[in-house]
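1. Test case, fold it:
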Amino acid sequence: MAKIDKERKKIQDEFDQIQSESGVFDISNHLAKIEDLPDLGEIEIYDYDSDMTVVRNKSMEVLETLVDLFLGDVPQLKEHPYIKTKMEEDAMVYAEGLFLAKMTRKNFLNQLRQVDNGDNSARMHEVVNQTIGQIRENSKFLSGQRSELEKFYKNLRNDMGYNEIEPERSIEEIDDEEGSVTDNRKLNDLIKDAVMKSDDKNKKG
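-> Got it, this is the predicted structure:
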């Protein structure tokens, strides 16, 4: 018998032996029992959509109160389509900032739990410090965003000729006092000029 045939027969015999032994092999004897495993608790799937809804509602509330503060006594300006559209867009940007801030805090808490569980590597502490920096940047961005929004609506009010914030009045009172209510075309032109002036002020500032 050739040497290669002997090797083939030897391998086949070993394979047959393993096959015959595996038939009585009970793997359950080598697995951990349920009672021996740590209690990991229930796995909870985080509801990101719910968070997005919360921050959208919160940001819209902030914008509505801000616009009401600066334009509440000028109903024809506050209800103008441009102002409504801009308010919704500003709220969307602000909501994204709120969501990122919330996710950064969530990530930060998870990192701290990892450290508490024994992950004290230099890399882990570096990541924690980076996240702290990001939390500060998020707070700075949101604060700056609010200031920019307040500045825009305040400048818009001033550029439209309403220099003092007065108690809310009805359109009829404004009509009686000023003689006429501004028509839509004139109001559109006034808003366009006011926005351009506000943008120029912000660029110079």
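2. Worst mean pLDDT across the helices and strands of this structure, which element?
-> Least confident helix or strand, the chain: helix 171-178 with a mean of 43, by mean pLDDT, DSSP states H and E.
3. State the three-state secondary structure for Asp73.
-> Counting by DSSP: H, G, I helix; E, B strand; the rest coil, the backbone at Asp73 sits in coil.
4. you'd agree it is up against Tyr162?
-> Yes - if you go by Cβ atoms under 8 Å, Asp73 and Tyr162 touch, sitting 7.5 Å apart. Glycine gets a C-beta too; all of them are placed from N, C-alpha and C.
5. So which of the two has more stuff around it?
-> Taking neighbours as other Cβ atoms under 10 Å, Asp73 and Tyr162 compare with Asp73 leading, 20 against 15.
6. Got the phi and psi for the more buried one?
-> phi -90, psi 10 (degrees, to the nearest 10).
7. and what of Val74?
-> Per degrees, to the nearest 10, the backbone of Val74 is at phi -130, psi 80.
8. That one reaches Tyr162, doesn't it?
-> Yes - Val74 lies in contact with Tyr162 (Cβ under 8 Å); the separation is 5.7 Å.
9. avg pLDDT for the longest helix along the chain?
-> Assignment by DSSP state H gives helix 122-159 as the longest helix of the chain. Mean pLDDT, computed over helix 122-159, is 91.
10. So which elements touch that helix?
-> helix 48-71, helix 81-116, helix 184-204 (3 or more Cβ pairs under 8 Å, 6 or more residues apart in numbering; DSSP states H and E).
11. quick one: low-confidence ranges for the chain?
-> Applying pLDDT under 70 to the chain flags the ranges 1-2, 19, 21-44, 163-192, 194-205.
12. Can you tell me how far Arg8 is from Ser50?
-> Distance of Arg8 to Ser50, given as Cβ to Cβ, to the nearest Å: 64 Å.
13. which residues touch the nearest residue to Gly97 once chain neighbours are set aside?
-> Setting aside the residues directly before and after it, Gly97 is nearest to Leu142 in space (Cβ to Cβ, 6 or more residues apart in numbering), at 5.1 Å. Contacts for Leu142 were tallied using Cβ atoms under 8 Å, 6 or more residues apart in numbering; they are Tyr94, Gly97, Leu98, Ala101.
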